[in-house]
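> the amino acid sequence is not available; the structure is as follows:
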Ligand code: SAM
Ligand code: SF4
């Protein structure tokens with residue numbers, strides 16, 4: 001059943017922008033490029049907007065979640081992923097909301113793990129369900145995990161997540177290690193006055209447990225008051241950590257906003273994710289899909305294409321969806337618009353809608 005009333009503003013209008021048409025003709029078949037010639041090889045797919053936490057920087061206290069018929073079914077998620085992989089995408093990050101609270105999410109991971117051409121299947125999770133699911137995720141072919149962890153203090157953890165339990169996340173991290181996951185990465189959102197005194201402890205925890213860690217600048221997504229008072233730049237955090245650790249810059253890059261440092265004598269990488277910087281836009285290789293099936297070519301812009309009506313209108317033919325995806329690359333801007341004005345929401349979506 002398709003729903004034509006959904007997101008009418010994003011309804012796809014057929015017609016390839018002329019620059020894209022010639023770029024797609026010049027490149028090998030099955031290559032996805034935008035109008036600036038950037039090849040898109042990485043998709044972040046959100047499979048639910050729901051979550052078992054309510055992190056203060058990500059959600060409001062009383063979130064309203066989407067009605068189920070407006071969320072892609074797991075079969076639709078698989079279909080979209082398959083079309084992207086046929087278009088040359090080789091890396092897929094599963095995210096949310098919390099992907100592991102979606103009933104039967106493991107079925108989807110098992111199917112994705114078998115997609116020919118998909119080289120890297122990875123997952124971003126809050127870790128709360130890893131104790132249960134880590135072995136099955138590993139068996140399904142998930143290569144690496146990113147686990148969000150902003151503090152090691154139980155009471156703080158409760159304040160930041162509103163309803164989460166630190167214990168469950170730490171147990172989940174241990175379960176992931178036992179299941180054979182290596183180079184698991186902690187994601188820490190930096191918040192002045194909430195966790196900035198803990199950055200060295202978090203790095204020590206990563207070192208002691210063979211983990212990587214990335215510090216993330218808070219992004220102005222969704223209408224959440226008080227951000228300019230909590231925002232900390234990567235530069236400031238790096239300077240603070242350099243007083244505790246010998247940090248050696250590393251050339252490693254993910255084609256994204258992360259820059260990495262290494263600590264001699266360890267496997268641990270310390271990353272800084274600086275979405276406020278424009279430096280990474282030139283090499284951006286990624287797009288995002290919301291749980292509603294909206295394709296966002298840039299996290300920092302509101303332009304998107306609704307894929308779900310097309311998926312439902314053409315259940316047996318991928319042609320229209322494939323064409324819409326290729327045409328949507330024309331919406332990808334040269335660079336995002338985030339500024340340092342953190343108090344006003346520069347993008348109206350919450351992070352849990354778009355997926356981190
Ligand atoms: N629930 C999973 C988790 O927490 O890892 C996956 C989804 S979550 C939206 C993905 C990442 O986005 C998390 O690492 C989270 O800390 C980060 N995030 C959420 N809101 C953010 C914001 N306003 N600024 C920066 N990072 C944010
Ligand atoms: Fe949930 Fe992740 Fe958002 Fe926290 S950051 S509320 S865990 S989706």
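In hand now; what should we look at? All of these numbers come straight from a predicted model, not from anything done at the bench. Numbering: from 1, shown residues only. Ligands and ions are numbered 1, 2, ... in the order given.

> how far off centre is stretch 263-270?
24 Å (Cα atoms, centre = their mean, to the nearest Å).

> what is the end-to-end distance of it?
End-to-end distance of stretch 263-270 (Cα to Cα, to the nearest Å): 8 Å.

> mind listing residues that contact that stretch?
183, 185, 203, 206-207, 210-215, 241, 245-248, 250, 252, 260-262 (Cβ atoms under 8 Å, 6 or more residues apart in numbering). Every residue, glycine included, has its C-beta placed from N, CA and C.

> just the buried ones from those, in ChimeraX syntax?
Of those, the buried ones can be selected in ChimeraX as follows, counting by 16 or more other Cβ atoms under 10 Å:
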select :185,203,206,207,211,212,213,214,215,241,245,247,260,261,262
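
> now, the contacts of stretch 263-270 that are in helices?
Mapping those onto helices (DSSP state H) picks out 203, 206-207, 241.

> reformat those residues as CSV; add distance to residue 313 and pLDDT.
Shown next, in CSV, are those (distance: Cβ to Cβ, whole Å; pLDDT from 0 to 100):
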residue, distance to residue 313, pLDDT
203, 50, 98
206, 47, 98
207, 52, 98
241, 51, 98
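
> okay, residue 173: pLDDT?
You'll see residue 173 listed with a pLDDT of 98.

> pretty sure it is in a helix, no?
Yes. Residue 173: assigned to a helix according to DSSP: H, G, I helix; E, B strand; the rest coil.

> wait, it touches residue 147, no?
Yes. If you go by Cβ atoms under 8 Å, residue 173 and residue 147 touch, sitting 6.0 Å apart.

> what touches both of those two?
Joint contacts of residue 173 and residue 147 (Cβ under 8 Å, 6+ apart) are 127, 130, 184.

> what sits closest to the last one if chain neighbours are left out?
The one in question is residue 184. Distances taken as Cβ to Cβ, 6 or more residues apart in numbering place residue 145 nearest to residue 184, at 4.7 Å, with adjacent residues excluded.

> between the shared contacts of residue 173 and residue 147, which is closest to residue 178?
The closest of the shared contacts of residue 173 and residue 147 to residue 178 turns out to be residue 130 (Cβ to Cβ; 10.3 Å).

> just give me the neighbour total for the closest one.
Neighbourhood size, residue 130 [other Cβ atoms under 10 Å]: 27.

> ok, now residue 328?
24.

> would you agree it is in contact with residue 301?
No. Residue 328 lies out of contact with residue 301 (Cβ under 8 Å); the separation is 11.9 Å.

> pass me the low-pLDDT residue ranges in the stretch 101-250 of the chain, would you?
Residues of the stretch 101-250 of the chain meeting the criterion pLDDT under 70: 221-228.

> how about the helices of it, start to end?
105-113, 130-140, 154-161, 166-178, 199-208, 227-230, 234-242 (DSSP state H, counting those that start in this stretch).

> now for those helices, which one comes closest to ligand 1?
When the helices of the stretch 101-250 of the chain are compared for distance to ligand 1 using Cβ to the nearest ligand atom, the nearest one is helix 227-230, at 7.9 Å.

> which residues of the chain lie near ligand 2?
By the rule Cβ under 6 Å from any ligand atom, the part of the chain lying against ligand 2 is 51, 53-55, 58-59, 96-98, 126, 148, 351-352.

> most neighbours among those residues, please name it.
residue 97 (30 neighbours).

> any figure for the gap between that one and ligand 1?
Using Cβ to the nearest ligand atom, to the nearest Å, one obtains 6 Å as the distance from residue 97 to ligand 1.

> and the residue nearest to that residue when sequence neighbours are not counted, what is it in contact with?
Closest residue to residue 97 apart from its sequence neighbours, by Cβ to Cβ, 6+ apart: residue 48 at 4.2 Å. Going by Cβ under 8 Å, 6+ apart, residue 48 touches 71, 96-99, 101-102, 291.

> farthest pair in the residues you listed?
71 and 98 (13.7 Å).

> give me every residue that touches residue 12.
Neighbouring residues of residue 12 by Cβ under 8 Å, 6+ apart: 305-307, 309-310, 324, 327-328.

> neighbour-wise, which of these leads?
residue 307 (26 neighbours).

> go ahead and confirm that one touches residue 289.
Yes. Judged on Cβ under 8 Å, residue 307 makes contact with residue 289 at a distance of 7.2 Å.

> which outside residues touch stretch 125-132?
Stretch 125-132 has contacts (Cβ under 8 Å, 6+ apart) with 51-53, 98-101, 137, 145-149, 161, 164-165, 168-169, 171-173, 175-176.

> 6 Å - rerun?
Identification of contacts with stretch 125-132 by Cβ atoms under 6 Å, 6 or more residues apart in numbering yields 52-53, 98, 100, 147-148, 168-169, 171-172, 175-176.

> quick check on those residues: which are buried?
Buried, going by 16+ other Cβ under 10 Å: 52-53, 98, 100, 147-148, 168-169, 172, 175-176, out of the contacts of stretch 125-132.

> between those residues, which is nearest ligand 2?
Checking the buried ones among the contacts of stretch 125-132 against ligand 2 by Cβ to the nearest ligand atom gives residue 53 as the nearest, at 3.9 Å.

> reformat the contacts of residue 48 as JSON lines; add distance to residue 196.
Output for the contacts of residue 48, formatted as JSON lines (distance: Cβ to Cβ, whole Å):
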{"residue": "71", "distance to residue 196": "36"}
{"residue": "96", "distance to residue 196": "26"}
{"residue": "97", "distance to residue 196": "27"}
{"residue": "98", "distance to residue 196": "25"}
{"residue": "99", "distance to residue 196": "28"}
{"residue": "101", "distance to residue 196": "29"}
{"residue": "102", "distance to residue 196": "33"}
{"residue": "291", "distance to residue 196": "32"}
